[in-house]
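**Student:** Predicted structure and sequence below. I'll ask about it afterward.
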Amino acid sequence: MRARCVSDAPLPDFHIRPDPDDPRLSQPVSGLDQDGKPVDLRVVSERALTLFLNSQEVVTMMTIGDRPDLLAVGYLLNQNMLRPDDVLTGIDYDEDLEVVVVRTERATDYEEKMKKKVRTSGCAQGTVFGDVMERFDEIALDPDARLHTSWLYALTKKINTQPSLYLAAGAIHGCVLCQQDRPLAYMEDVGRHNAVDKIAGWMWLNKVPAADKIFYTTGRLTSEMVIKTALMGIPVLVSRSGFTAWGVELARRVGLTLVGRARGKRFVVLSGSERIVYDMAPGEAEDESPRHRRKGARAEETDT
């Protein structure tokens, strides 16, 4: 199973997008509000997914359950368990057993690697392996990549108004692969690392180049987000949320452009500011509409 190439023709906006109406991804729940009145909400579903690489069990992740093939491949790539030149012979998913198996031509044995895993700040099962950091300082991101402020304002509007589980139910993270002012692939999951891995898997399977891309996330700009974005070769990382100190330190170390608190007219750059092209004044951009902020977070957005 070799990766197929994406056509040279430009991908449309939201080539891959969330499906908030998919009944498998959320379910109705009844309760009471602060006044004791009945309320009906849609809440995000969670299910376990156990990942095998060939015959070896690697990890059990909590996920919304969509795109298990992309999640599995992206996870293995971001954990340095798949190599860029690996050839896949199959991706087998059994929904009843909640198992996905990635098979490669190359024989793999990661028992020692499994002993080295380190818990990170991601939700649920977020982990990085010790040797991932050994690759980090070898990363060379494209110094000629740019982020125009006009692109940033257009992207935040398009993404924040796109129908999604994030808007419909909350309690979920979204990640979007973008090119200039166009959102290409929008993935969601209960953990931001899962959404990142789905995009990594999609890019690798379809040979999508990274050097001219922008990565957008609804989650915090943590060390894990910086590491995964840099390992994917994407030079710009944008979030509507805030930063962690180690995330900023790592971004500066590898030359990643880090843009946080990007909402409406506002944003803050803490790394890689040389890539920013100020071609649109903030006064020309629209402020964020309260209608397009996720449910449960309209009074005050919090980083989760």
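**Tutor:** Okay, I see it. Numbers count the residues shown, from 1 in each chain.
**Student:** List the contacts of the residue nearest to the spatial centre of the chain.
**Tutor:** Central residue of the chain (Cα atoms, centre = their mean): Val196, 2.6 Å from the mean position. Val196 makes contact with Gly74, Asn78, Cys175, Phe215, Thr217, Met225, Lys228, Thr229, according to Cβ atoms under 8 Å, 6 or more residues apart in numbering. Placement of C-beta: from N, CA and C, glycine included.
**Student:** how about 6 Å then?
**Tutor:** If you count contacts by Cβ atoms under 6 Å, 6 or more residues apart in numbering, Val196 has them with Cys175, Lys228.
**Student:** In which helix or strand does it reside?
**Tutor:** Using DSSP states H and E, Val196 sits within helix 192-205.
**Student:** Can you list the neighbours in contact with the next helix or strand after that helix?
**Tutor:** Later in the chain than helix 192-205, the nearest helix or strand by DSSP H and E is strand 214-217. With Cβ under 6 Å, 6+ apart as the test, strand 214-217 has contacts from Cys175, Val176, Cys178, Arg192, Thr229, Ile234, Val236, Leu237, Val238, Ser239.
**Student:** C-alpha coordinates for strand 214-217, PDB please?
**Tutor:** Extracted as PDB, the C-alpha positions of strand 214-217 are listed here (Å, rounded to 0.1, in the frame of the first residue of the first chain):
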ATOM      1  CA  ILE A 214       0.200  26.800   8.100                       C
ATOM      2  CA  PHE A 215      -1.100  24.700  11.100                       C
ATOM      3  CA  TYR A 216      -4.100  26.000  13.100                       C
ATOM      4  CA  THR A 217      -5.300  24.600  16.400                       C
END
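**Student:** so where's the stretch 151-300 of the chain shaky on pLDDT?
**Tutor:** Low-confidence segments of the stretch 151-300 of the chain, defined by pLDDT under 70: 290-300.
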